[in-house]
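Peer 1: Sequence isn't available, so here's the structure alone:
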């Protein structure tokens, strides 16, 4: 394939002149510009964007770390990130990690190696100490409360919104309240767990480990929860599903287990996904699309910033 | 920031030697290797992956063109692509196009400029003629029947599977059958439209334009269809929803419009998404995750290949 030297030779000019023409340098004679453009056409020369990026020191790529893509929560988030990125002529490189630490490290290493200009971490397993060590290599933005770090972040106060949902159920007479969660070691899960413990203490209610359903993420998990529930002697009367998907799974399975919603079991979802609107699920609305946009804007900014996104409890028919 | 020349100076070796150490060249004296590694540490030298890529002529990035991400169809597809990519140490660059031709062109141009090594086109608006012009710049793989092209592709025979679903409804007594579709100008939609026309002709049934519901893609669209349907004088007795999302939206809206499923309206979905399993929707199963893996494998292969993926009608409770 033709290179810049071939173009210069064909045009009868220096390589510097070709480079100036390619970069739209203002002080090149018109005849030379025409000769260069002509010889680019003739030789079939193609500019390699990596050479350009190398010189500019940027790639117009932003990395996004997330555990999986086949869940509406992350799909909506990335849709928001992606749309905001195109406004800035950036594209997204996906680091789908499955919560594996070495996969997350790979994303950080790629930031260091300048495969990407910046990195958004939507959800993670590795410690923030490790993440912070990479901040000198490019902007890193977290989707969590990163108060103890020097990084930019956007977050939802999961403690407060969990507490609000629990009180909502309490005010409607529920005393046996449980919740579903995906993994207990995540930052958001930790906040929810703390809110739950504090709530029980404030209200003088008993902690029942059976009422915490782990590994809940997909629609199918909702059915599993109902299956477990149906075998319990003392059932909770209400559940925070922490995902509309899981809530929807419980509702579709409820006739099978002869559990009436909300009479036998009240359910509050999370996120306000389309399925929550379609199935009239009471839920905590989280504007994931806008959050995605905010995260991307933070990667573009020179300054470190922190944004809290407010959420609202949306009353429908499952409580 | 330190560059390769600084490292060489500090180590007292040539730039060539530093380069050999960086590339694990076998014939470098051990003392020199140690001196170079020592001076890399001291100088804080960071290798720029773009320089490495420039030299190797590859980026380990594969581009994926799709219209949107917040739909389970594309989310599952990309999940499959992404998992297969990590096996090959490749990452995905997303080109979310919203079916805008200039966005699709950008992906092709980036293949030409070597931002990516290869490109998977999951769904498109631009003509295949234009796509084919870029095949010299890297592997392009289509998720559609690309018989008339010189490109690799994986496809589902939408004509046959639409015909099968229509006959299934016919055999159960339905004569007034309609369908929902997203856009009529897509390749898959064209095949479905053709199957529908042929089916009506074979069975001697009347074509009724009212029975074709356009712009159907999301859960919300299912409700809109029921709303339209409820205002019709002569309603279809069965619908092919061409997406489980749309089918699910119809089912959740059905009590509102007092339409019993399947008695007043039989529904067949497409894809066999988790929601179809949860809601017992009769559907045409399309293994999107495996298709994603196949598409990625085709980008890695030197040869041009064509793969047809078989699908099956899954009988549940909505017909």
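Peer 2: The structure has been received and is ready for your questions. What you see is a predicted model; the values in this text were computed from it and never measured.
Peer 1: Against residue B:98, how distant is the residue nearest the centre of chain A?
Peer 2: Residue closest to the average C-alpha location in chain A (C-alpha atoms, centre = their mean): residue A:122, at 3.5 Å. As judged by C-beta to C-beta, to the nearest Å, residue A:122 and residue B:98 stand 22 Å apart. Yep, even glycine has a C-beta here, placed from its N, CA and C like the rest.
Peer 1: What residues does the stretch 201-319 of chain A have near chain B?
Peer 2: By C-beta under 8 Å from any C-beta of the partner chain, the residues of the stretch 201-319 of chain A that approach chain B are A:218-220, A:222-223, A:248-249, A:252-253, A:274-275, A:277-279, A:289.
Peer 1: what's the worst-scoring helix or strand of chain A on mean pLDDT in contact with?
Peer 2: Sorting the helices and strands of chain A by mean pLDDT, DSSP states H and E puts helix A:49-56 at the bottom, at a mean of 75. The contact list for helix A:49-56 (C-beta atoms under 8 Å, 6 or more residues apart in numbering or on different chains) reads A:59, A:60, B:48, B:50, B:51, B:53, B:54, B:59, B:110, B:113, B:114, B:115.
Peer 1: Hmm, residue A:315 and residue A:282 touching each other?
Peer 2: Yes. Counting by C-beta atoms under 8 Å, residue A:315 is a contact partner of residue A:282 at 5.7 Å.
Peer 1: In terms of neighbours, single out the busier of the two.
Peer 2: Neighbour tally, residue A:282 and residue A:315, criterion other C-beta atoms under 10 Å in any protein chain shown: the higher count belongs to residue A:282, 22 against 11.
Peer 1: next one: phi and psi at the more buried one?
Peer 2: Dihedral pair for residue A:282: phi -60, psi 130, per degrees, to the nearest 10.
Peer 1: And residue A:258, by the same measure?
Peer 2: phi 60, psi 40.
Peer 1: same thing with residue A:156?
Peer 2: phi -110, psi 140.
Peer 1: Look up the pLDDT of it for me, please.
Peer 2: Looking at residue A:156, its pLDDT is 96.
Peer 1: tell me, how many neighbours does it end up with?
Peer 2: 22.
Peer 1: residues from the stretch 51-200 of chain A in reach of chain B?
Peer 2: A:51-54, A:59, A:61, A:68-72, A:75-76, A:78-79, A:82-83, A:86, A:91-96, A:103, A:110, A:112-115, A:137.
Peer 1: that older thread, quick one: which of the contacts of helix A:49-56 is nearest residue B:236?
Peer 2: residue B:110 (44.2 Å; C-beta to C-beta).
Peer 1: Off-centre distance for the helix or strand hosting the closest one?
Peer 2: Per DSSP states H and E, residue B:110 falls inside helix B:101-112. Centroid displacement of helix B:101-112 relative to its chain, using C-alpha atoms, centre = their mean, to the nearest Å, is 16 Å.
Peer 1: So which elements touch it?
Peer 2: strand B:61-66, strand B:91-96, strand B:118-121, helix B:128-132 (3 or more C-beta pairs under 8 Å, 6 or more residues apart in numbering or on different chains; DSSP states H and E).
Peer 1: who touches that helix?
Peer 2: A:46, A:49, A:86, A:91, B:63, B:65, B:93, B:95-97, B:116, B:118-119, B:121, B:124-126, B:130-131, B:134, B:137-138, B:140.
Peer 1: what does stretch A:173-180 give?
Peer 2: By C-beta under 8 Å, 6+ apart, stretch A:173-180 touches A:162, A:166, A:169-170, A:192, A:196, A:203, A:205, A:208, A:210-214, A:216, A:221-222, A:225, A:234-243, A:246, A:266.
Peer 1: Mind checking which of those are in strands?
Peer 2: In this view, those that belong to strands under DSSP state E are A:212, A:213, A:238, A:239, A:240, A:266.
Peer 1: Verify the stated contact: the last one with residue A:237.
Peer 2: Yes. In this structure residue A:266 lies within contact range of residue A:237 using C-beta under 8 Å: 6.6 Å.
Peer 1: neighbour-wise, which of these two wins?
Peer 2: residue A:266 (21 against 17).
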